[in-house]
Each structure stands twice: as structure tokens, then as C-alpha cells.
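Peer 1: Fold the following for me, if possible:
(chains A, B, C and D)
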Number of protein chains: 2
Amino acid sequence: MRLEWLEDILAVAQTGSFSEAAERRHLTQSAFSRRIQNIEEQVGAELFDRSRKPVHLHDHVEAQRDQIAHVARLLRQLQADLRRGGRMAENKLILTSQHSLTTSLTPSIIREIGTRRRDIFIRLRSANLTDCFAQLLSRQAAILIVYRLPGQQHPILETYVESITLGSDRFIPVIAPDTPAARGAADALTDLPYVAYPADVFFGDVFERQILPKFRDPNSLAPKAETALTLASLEMAQMGVGVAWVPESLARPAILAGRLADLSDRLPHCALEVTGVRLVDDPTPVEAAVWEQLSAFRV
Amino acid sequence: MRLEWLEDILAVAQTGSFSEAAERRHLTQSAFSRRIQNIEEQVGAELFDRSRKPVHLHDHVEAQRDQIAHVARLLRQLQADLRRGGRMAENKLILTSQHSLTTSLTPSIIREIGTRRRDIFIRLRSANLTDCFAQLLSRQAAILIVYRLPGQQHPILETYVESITLGSDRFIPVIAPDTPAARGAADALTDLPYVAYPADVFFGDVFERQILPKFRDPNSLAPKAETALTLASLEMAQMGVGVAWVPESLARPAILAGRLADLSDRLPHCALEVTGVRLVDDPTPVEAAVWEQLSAFRV
DNA sequence: CCCCAACATGCAAATCATGCATATTGTATC
DNA sequence: GATACAATATGCATGATTTGCATGTTGGGG
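Peer 2: Predicted coordinates for the structure are as follows:
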């Protein structure tokens, strides 16, 4: 098994065609075709369904697609780590943040630490809340940056982790101005089209526990789409799908640019805390240093 | 990056020499030497220190050794999954158990399920308690089989997981008969030599909370060795290092064979529960079937 | 039923990996 | 330190693999 092969498979999965994948992989179509044959032979199974014309992945390969991408990432990371060698080995720290924070508040936090401690090398990962804690528990991450409802606990017994509040945010409803949905939202509060979150992700939970109860009639809401990613939700709001509840920090650029309107004066919203989390046992020197920097930090 | 390369690196790490590694990898020494050179070139860094004669890994490679082994496992697993193809795809389930259970009670549980539902394919992983829960949370495992102190909670908020008791076990002190340490244990209870667990593993916690308090004088215990693995602890006890506290199920074969003596009538011991754990959200059909089998099961 | 885009294959050139024989280099021993 | 020895590197010929180009084959839309 080779990283190359994984990348080949992913290229086909993404482009939906051997020829395009070949181009992306900087090979001729013929060479690529034979590479795929070789991969199938080495793996010992047919990976692609050629019976229909734009070839597509067999179901069982499609099912492994995330895993393939994941392992490919690990391999590239491993290679980078080996190449970088010992140069930064001791001062490396893995910080994982919730997807929605990765694109908004986390970068500034990391920039700040990077500015103050140039000798520390921070690797940022991104995951959903559950995976964040999984990474922390399995020590794949030293520190998490995640949202929490004020006054609530993290989904781990407090005896295992220690947390600090880094700042506050708000979970607010936004909508694209000048759309039918926006006018509807302005008028009556019936059948308000909105972008929902699945129940099993953090913001699905927040929505159900903090936002829904504040509606007099829960039926006045009409889910138009569902996504687990706040970024996708934000995007849908901008496309005019309906109202989306997202962290204010994430929506701010779009609001300032006029692409979204903040409806928190008319529709329910709630407060969010941005927190840093680490395991309670003895931290490495780098970890301690970063934690100290975080403690002095406020978003 | 290739699985082959990772295996080459690991072979060198394990054998401590290019020549031996070459043999293990079924290559001549010369070919292997050049493969290593090629790997280093491709990776873009020197991986081995040749300045001393049995070559050894550079520190930064040694530091990545676990990660290399981990990624290699993932790659092999991925290949196996792709090869097996869709054949068992639907009826596959990953079950992770605590190391100490993996070699004692878990196999019989899996055998039982395998007997009753021949169509279900169970993959067993093994990890320490923390990693078990990390795998569960990140959905790398569908079901866990882990120890728990009776009446205690799992280290995850109960709202996230559901658990059943599969049976009971005991955490008992054992010792190799006819050793100086054994005679010491029989006589006076002073400076009792024993095998300790680190504080941050499950049995370290159990020992500290359940066993230690039952000693009148905690100083009557003299730790002779420390290991995180119950199996290693068991082994040390058999070698005569001193008393080791281990799950009874794990020690039973050695006790029956006369290689170890059960001291639970004279020294503190405590009860353990063997539990099955899964996430509360909607299980797949296979998962539900296995859970049902488990519910009917008693060790 | 035909055509075209998508995929496969024959072939020769280039590249790469391997084994054998042999050179070089660390290290232990005297 | 000189010497012997074991570990690693290298020169070279050989065979396997990979690639591009040209061309063949096939599935699906019109």
C-alpha cells in the first residue's frame, strides 16, 4: 500500500473519471489506467465499477473513502514530521479546535502564541466536538479549543480535564438580506425557513436546548436543509436558503460585508463560551507554556 | 510514502541493524542498504545514525516510532478492508476492549457471538481504558468491553453512553509460590514487595482508591517495579518480583497451574465489573444485534 | 444504429530495484 | 595504534516496472 495509490483512488473519487484524475495526477490517461489496474491487482480486489461509463467507486470503496483520506493525511503528516526531523521536535504541540472555531477565533489565538513564543511550533487540527475530546483523551491533542454553553460542563468528567474560558461568543440567527426568506422572517414568524443541524452534533444540541424552547410555537420553524458544519450552514444562509444559527464570530465578516443580516434582535439567540481544555495530568514544558499563554489570553 | 518503507524502518528499529532487517524483509543486505538510502532521499531527511556501527534510529525517528507503527497498521487494515470488499461490509463491527480483558474474557465473549451469529464479522481492538473511550467517541469502535468499579461511572457523561454489566471479576493479589517474596508476604506484612501501576492508568486508580486504603500502614508496601500493563504485571509476579494485583480472570490459568498463588484471603482485593459500552445514538442493525447478544451474555 | 468520449492495450524507451561481488568503514582486541 | 572482524556501502549487469505514444475497444447519448 502506498500513499500514491491512496491519492490516485481519491483523485478518481473526486473527479469521477479516470481521464480527469490522470490529468490531476500529472500522468497520461493510459499510464493512469494501468496504474489503477496495478493498484487493484496489488490490493486484490476490483475497486472501480467500469460497467457504467464515467467509472465510479464501488460501494465498499466509497464507504472507505473517509478512511482513505484520513490515512493519506496521516502519511503525509508523518513524512513531513520525519523530514522536519528533530529541528522542532521538542517544542511541538498539537492543538485541536472545533471546526467552527478553526476558521474564526482559533487562528488569532495561535497567531498570538506564535508571536510571543517563536520557539514553539503549534500544529492545528480541526474536528467536531466529540472527535476533539477523543483526540484529547487519546493524547493525539494536547489542548482543545472548543465552545461550551456558559455554566455547562464539557462532555467528560471534570476530574479528567481542566479548562479555562478564553472568551465569549454568541450563537445568532443570520439571513441573507433582500431574499424572499428574509422578507418572510421580517413579516410573520410562521414557517420560518432555516438551516438545521443534526441532533448529534454540538450545535444541534445547542439549538435544541437553547434556541427551540424560546419559540412559542416550535412548528413555526421549517427546516429547509440540514448540515453538521457551521460553515456550510453559513454558506446556505448566504445563498438564501433561510435563517441559519451560527457563531457570531464566524458570521461577522459576512455581516460587515452586508451579505448577511444579524437577526438576533428578533429571533432567539444564546451565549457561547470559548474554552481551552487539557488533561489534568502533568503537562510537558511546551504544553505548560502554551497553557500559560492561553490563560493570559482573551478573545 | 509507502507501507513498505514504514515496515523497513520498523524492521531496522526492531532489529537494530541493517543486515538483520534485510534478512527479515527478505532482501540482500546490499539491496536493503540502497532501499534505505532511497527512503531517506524520498523522505528528504537522514533517518539513521551511521556514525556508530550497529546503526540506530535518529532521535526524531525514534520519537515517531509509535506513530509509524500505528500508520502502518492502519494501512494494512485499509488494504484488508478494500480487499475483503463488500463481502462483509455490512455486517462488520469494531469492538474494543481493555488490554487486560483482551486476553482473558473478551475472546470468549466474541466466540459466543461468533457462534450464534455466523454472519457477523467482529474486529477486535485492544487499548487502555482512555483510548477505549476515545475510540468509542470518535466512532472508531462501536462497542467497548471494559472494567468498571461496581457502583462507579464510566469516565464519560452518562448521557453520551449506555452500558450493561456482562459479568463480574475480582482484582486480586497474586504471588509466585516458594519465593523469598512469598515467604515474606506470608510472615510479616512489612515492606511487602509488589508491582505497582502508574497513577494515570485504570488499575493505578483502582489500586489507589480500593486497595491502598485497606492497608493499615501504606508504608508496609514496597514497590519493586511499575508497569501499565496487567499482563506485564502478571509476568513479573510469576518471575518472583513480588505481589501483583491483577484481574482474577487473567491470573486464573497461572493459579490453576500452580505458578501463582492467590493471596486474596490475606491481602486487600476488590470487585470489578465487566461492562459493555456503546454510544446512545441510533445503532446500526449489526450493532443492535451484537448488543442484544451481549445483553443475553454473562461471563 | 451510429458516433464520441472514456477506458484499455501493444509496444518501445526509460527508470528502478535487485543480487552478486567487492570496497569501505566503524569498533573491539591485543 | 595495528589488526581483525563485522557492518554498511558501492560498481555493475540483469530483470522488473512504469511511462508515453499510438491505437484498439466499449458504453451511452442522440
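
Peer 1: average pLDDT across the host helix or strand of A:Gly276?
Peer 2: Using DSSP states H and E, A:Gly276 sits within strand A:270-279. In this model, strand A:270-279 has an average pLDDT of 95.

Peer 1: Then stretch A:65-83?
Peer 2: 91.

Peer 1: next one: stretch A:143-150
Peer 2: 95.

Peer 1: check contacts around the residue in the stretch 51-200 of chain A that DNA strand C sits nearest to.
Peer 2: Nearest residue of the stretch 51-200 of chain A to DNA strand C: A:Val55, at 3.8 Å (CB to the nearest atom of the strand). For every residue, glycine as well, the C-beta is placed using N, CA and C. Applying CB atoms under 8 Å, 6 or more residues apart in numbering or on different chains to A:Val55 gives the contacts A:12, A:16-18, A:48-49.

Peer 1: for A:Val61, same thing?
Peer 2: Contacts for A:Val61 (CB under 8 Å, 6+ apart) come out as A:9, A:13, A:47-48, B:82.

Peer 1: Retrieve the pLDDT associated with it.
Peer 2: A:Val61 is assigned a pLDDT of 89 by the prediction.

Peer 1: Look up the closest residue to A:Val195, ignoring the ones flanking it.
Peer 2: A:Ala244 (4.2 Å; CB to CB, 6 or more residues apart in numbering or on different chains).

Peer 1: Test my guess that the one you found contacts A:Tyr197.
Peer 2: No: under the criterion of CB atoms under 8 Å, A:Ala244 is not in contact with A:Tyr197, lying 9.4 Å apart.

Peer 1: what about the two, which has more around it?
Peer 2: Legend: neighbour count by other CB atoms under 10 Å in any protein chain shown for A:Ala244 and A:Tyr197, higher for A:Ala244 (28 against 23).

Peer 1: Where does the more buried one sit: helix, strand or coil?
Peer 2: Following DSSP: H, G, I helix; E, B strand; the rest coil, A:Ala244 is assigned to strand.

Peer 1: Let me see the contact set for it.
Peer 2: By CB under 8 Å, 6+ apart, A:Ala244 lies in contact with A:173-175, A:194-195, A:233-234, A:236-237.

Peer 1: Domain-wise, how is chain A divided?
Peer 2: Listed domain ranges for chain A are A:3-63, A:89-299 (source: automatic domain parsing).

Peer 1: Please convert the ones you listed to a markdown table, extending it with distance to B:Arg252.
Peer 2: Converted to a markdown table, those look like this (distance: least, CB to CB, whole Å):
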| stretch | distance to B:Arg252 |
| --- | --- |
| domain A:3-63 | 41 |
| domain A:89-299 | 31 |
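
Peer 1: Would you mind naming what in chain A lies close to DNA strand C?
Peer 2: Proximity of chain A to DNA strand C, by CB under 7 Å from any atom of the strand, involves residues A:17-20, A:29-30, A:33-34, A:36-37, A:50, A:53-55.

Peer 1: what helix or strand is the closest residue in space to A:Ala72 that isn't next to it in sequence on?
Peer 2: Closest residue in space to A:Ala72, ignoring its immediate chain neighbours: A:Leu6 at 4.3 Å, by CB to CB, 6+ apart. Applying DSSP H and E as the criterion places A:Leu6 in helix A:3-15.

Peer 1: If we go by neighbour counts, what in that helix is buried?
Peer 2: A:3, A:5-13, A:15 (16 or more other CB atoms under 10 Å in any protein chain shown).

Peer 1: check whether that helix contacts DNA strand D.
Peer 2: No: Helix A:3-15 stays clear of DNA strand D (CB under 7 Å from any atom of the strand), getting no nearer than 8.0 Å.

Peer 1: Show me what that helix is packed up against.
Peer 2: Counting contacts by 3 or more CB pairs under 8 Å, 6 or more residues apart in numbering or on different chains; DSSP states H and E, helix A:3-15 is packed against helix A:18-24, helix A:29-43, strand A:56-57, helix A:59-63, helix A:65-84.

Peer 1: Number of residues surrounding the closest residue to A:Gln67 other than its chain neighbours?
Peer 2: Nearest-residue entry for A:Gln67: B:Leu78, 6.1 Å, with adjacent residues in sequence omitted and distances by CB to CB, 6+ apart. B:Leu78 has 20 neighbouring residues, counting by other CB under 10 Å.
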